[in-house]
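Enquirer: prediction below, plus the sequence it came from.
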Amino acid sequence: MSRFPLSERWYRWSGEHVAGIDRVIASVLSVLCAVAALASDAGIVGTVVSLGMTVPLAWRRTRVAASGFTIAAFAAVHVVVIPDQLLASAIAVPIALYALAAYGPRRASGWGLGIAILGAVAAGARYFRGEGISWQEQVFATAFLVLFVVSVWAFGDLRRVRNQELAGLTERARLLELERAQEAELAAVNERTRIAREMHDIVAHSLTVVIAQADGGRYSAKADPEAAIAALTTISDTGRQALTDMRALLSVLREDRPRDYASTPGVSDMDALIEEIRAGGLAVEHTSVGERRALSTGAELTAYRIAQESLTNVLKHAGRAARVQVREHWTDSALELTIEDDGGGAYGALVEPSAGGQGVIGMRERVELYGGRFSAAPAVGGGFRVHAELPYERGE
């Protein structure tokens, strides 16, 4: 079954074959009118005039003004040189006038209407006179012709308005489609950025803990086998948790299987996070001032990821000999989270420092997404200080 009704399919097809349709119509009318002119008293002159009025219909919608005024010129010749007979080719006049009103320039349309009215008056005076026709009948016939050409022009002008409305709707649909595509692209970019931040936080933290535990287990294996076993257990647990988090994160990219909605970590999970970091050999002091307030799920995750990323950076860049303070300050309007290390263990860094890290950028993006403020800079006297302020209600 066809998707569109017959009228709609015809409209679409005719819109794509304007020139061909007009040429066929012009050819048929030219042949019929020429034959009629030859068979009449007009003879060769009438045939030439008929062809001059019908052939230009072939480009009535492609070269509107040229077609319309050419037909008008031959119609004037018709009135002058064939005074006693109205040829069948006169049908081309209302067709050309309609085309001028519907498809031609506005000024050409007005000129066409004026010429058509003058032609109707001239034709009424020329062809509706003679014996047995009173002047009242002649006036009535002329008025009818004038009303006819004005009506044809009005219908053409209505078609012009309709064409403009359709063009406006088409352009609006195109712009909406473009806007929809841009929004989809922006959403995809935002989602890729979010996934990149999550992957960075999960992988960087997990690998840092694994490296710290592996180094500790290697050095204590001979002297304290139990400590080495505990380190291996921590490595195993950390690897499994990282694998679970990665599966939950990457499940959003799969459309052929149910998504894995794991529980989202928040402020209440920071105690477990700090214990995990302490197990890696880093001395962490955790304090909380004020009564804990409710944050949005996204803000809770942001606070957790900032603490996770900051502690991971201390472990990577300052080493296990550094001392870290994690402070939560619950004010009347926001959670102020500060992570600061003393820089005392820089000689024991787990990895070489590198430029262009994404951790600080990701933390800043997270905080700004929820209307907060973020700063990260070297602390006075050594070390590094990260400070984030997350409002309880997102700022507009």
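Expert: Happy to help now that I have it. These numbers were taken from a predicted model, which means no experiment stands behind them.
Enquirer: please count neighbours and contacts with C-alpha atoms only from this point.
Expert: OK.
Enquirer: what segments of the chain are strands?
Expert: 283-289, 323-330, 334-341, 373-378, 384-391 (DSSP state E).
Enquirer: how far out from the middle of the chain is the fourth one?
Expert: Between the centre of strand 373-378 and the centre of its chain there are 36 Å (C-alpha atoms, centre = their mean, to the nearest Å).
Enquirer: cool, stretch 28-45 as well?
Expert: With C-alpha atoms, centre = their mean, you get 58 Å for stretch 28-45.
Enquirer: with stretch 173-189 instead?
Expert: 2 Å.
Enquirer: what mean pLDDT would you report for that stretch?
Expert: Taken as a whole, stretch 173-189 has an average pLDDT of 80.
Enquirer: how about that stretch as CSV, C-alpha atoms only?
Expert: The C-alpha trace of stretch 173-189 is given here as CSV (Å, rounded to 0.1, in the frame of the first residue of the first chain):
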residue,chain,number,x,y,z
ALA,A,173,10.9,22.0,9.2
ARG,A,174,14.4,22.2,7.8
LEU,A,175,15.6,24.4,10.7
LEU,A,176,13.9,22.2,13.2
GLU,A,177,15.5,19.1,11.8
LEU,A,178,18.9,20.9,11.8
GLU,A,179,18.3,22.0,15.4
ARG,A,180,17.3,18.5,16.4
ALA,A,181,20.5,17.1,14.8
GLN,A,182,22.6,19.7,16.6
GLU,A,183,20.9,18.9,19.9
ALA,A,184,21.5,15.2,19.4
GLU,A,185,25.2,15.9,18.5
LEU,A,186,25.6,18.0,21.6
ALA,A,187,23.9,15.4,23.8
ALA,A,188,26.3,12.8,22.3
VAL,A,189,29.3,15.0,23.1
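Enquirer: rewinding a little: dump the strands of the chain into CSV; add distance to S40 and mean pLDDT as well.
Expert: Listed next are the strands of the chain as CSV, based on distance: least, C-alpha to C-alpha, whole Å; pLDDT from 0 to 100:
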stretch, distance to S40, mean pLDDT
strand 283-289, 109, 91
strand 323-330, 104, 92
strand 334-341, 98, 92
strand 373-378, 93, 90
strand 384-391, 94, 92
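Enquirer: and the residue nearest to W59 when sequence neighbours are not counted, how far is that from A122?
Expert: Once flanking residues are discounted, W59 sits nearest to S67: 6.2 Å by C-alpha to C-alpha, 6 or more residues apart in numbering. According to C-alpha to C-alpha, to the nearest Å, S67 and A122 sit 21 Å apart.
Enquirer: so for these two, which sits in the more crowded spot?
Expert: S67 (23 against 16; other C-alpha atoms under 10 Å).
Enquirer: stretch 140-154 - what's its average pLDDT?
Expert: Rounded mean pLDDT across stretch 140-154 is 90.
Enquirer: which residues does it contact?
Expert: 94, 97-98, 101, 113, 116-117, 120-121, 123-125, 128 (C-alpha atoms under 8 Å, 6 or more residues apart in numbering).
Enquirer: low-confidence ranges, the stretch 201-350 of the chain, go.
Expert: 201-223, 227-228, 231, 238, 242-263, 344-350 (pLDDT under 70).
Enquirer: ok, 50 please
Expert: 259-261, 347-350 (pLDDT under 50).
Enquirer: that one: helices as residue ranges?
Expert: 225-250, 270-279, 297-317 (DSSP state H, counting those that start in this stretch).
Enquirer: pLDDT averaged over stretch 49-58 - what is it?
Expert: 90.
Enquirer: got the CA positions of it in CSV?
Expert: Output of stretch 49-58 as CSV, limited to C-alpha atoms (Å, rounded to 0.1, in the frame of the first residue of the first chain):
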residue,chain,number,x,y,z
VAL,A,49,-1.0,34.7,-33.6
SER,A,50,-2.4,31.5,-32.1
LEU,A,51,1.1,30.0,-31.9
GLY,A,52,2.5,33.2,-30.5
MET,A,53,-0.1,33.0,-27.7
THR,A,54,0.2,29.3,-26.9
VAL,A,55,3.8,28.3,-27.4
PRO,A,56,5.1,30.6,-24.5
LEU,A,57,3.0,28.6,-22.1
ALA,A,58,5.8,26.1,-22.2
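Enquirer: got a list of contacts for that stretch?
Expert: 19, 22-27, 29-30, 33-34, 37, 67-68, 70-72, 74-75, 77-78, 87-90, 92-93, 96.
Enquirer: which of those count as buried?
Expert: Taking 16 or more other C-alpha atoms under 10 Å as the criterion, what is buried in those is 22-23, 26-27, 29-30, 33-34, 37, 67-68, 70-72, 74-75, 77-78, 87, 89-90, 92-93, 96.
Enquirer: so which of those residues are in helices?
Expert: 22-23, 26-27, 29-30, 33-34, 37, 67-68, 70-72, 74-75, 77-78, 92-93, 96 (DSSP state H).
Enquirer: what's stretch 125-132 in contact with?
Expert: Counting by C-alpha under 8 Å, 6+ apart, V79, P83, D84, Q85, L86, W135, Q138, A141, T142 sit against stretch 125-132.
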